[in-house]
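Peer 1: Here is a sequence with its predicted model. Questions after.
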Amino acid sequence: MHFPMSPLILGFVLGEMLEQNLRRALSISNGGLSILWESGVAKGLLIMAVLVITAPPILRVVRRQRKAAVDMG
């Protein structure tokens with residue numbers, strides 16, 4: 001599939017670690033998923049992840065609108 005090897009290896013290594021730590025966190029909280037977003041650090045990381053995913057498309061639309069406004073006016 002012509003994927004670069006380093007991200008794949010990193011994904012395999014970190015994926016296993018993520019799974020183990022998620023299982024540990026869920027066993028500590030007796031299966032409660034709220035442990036994943038209760039702390040301030042977790043909330044901050046979730047907000048940053050949402051921004052990283054949503055910011056590029058929003059910026060693209062804003063740039064396109066500004067360029068259209070400049071071209072028209």
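Peer 2: Looks like it arrived, so ask away.
Peer 1: Now the residue most central in space within the chain, what are its backbone angles?
Peer 2: Residue closest to the mean C-alpha point of the chain, counted by CA atoms, centre = their mean, is residue 49 at 3.6 Å. Main-chain dihedrals, residue 49, degrees, to the nearest 10: phi -60, psi -40.
Peer 1: quick one: it from residue 42, how far?
Peer 2: For residue 49, the distance to residue 42 equals 11 Å [CB to CB, to the nearest Å]. Quick note: C-beta positions are derived from backbone N, CA and C, even for glycine.
Peer 1: Where does pLDDT dip in this protein?
Peer 2: For the chain, applying pLDDT under 70 flags the ranges 73.
Peer 1: Spell out the secondary structure type for residue 53.
Peer 2: Recorded secondary structure, residue 53: helix (DSSP: H, G, I helix; E, B strand; the rest coil).
Peer 1: How many residues are close by it?
Peer 2: 9 (other CB atoms under 10 Å).
Peer 1: measure it to residue 47 for me?
Peer 2: As judged by CB to CB, residue 53 and residue 47 stand 11 Å apart.
Peer 1: Okay, domains of this structure per the record?
Peer 2: Here the domain parsing of the chain from automatic domain parsing is 1-35, 37-73.
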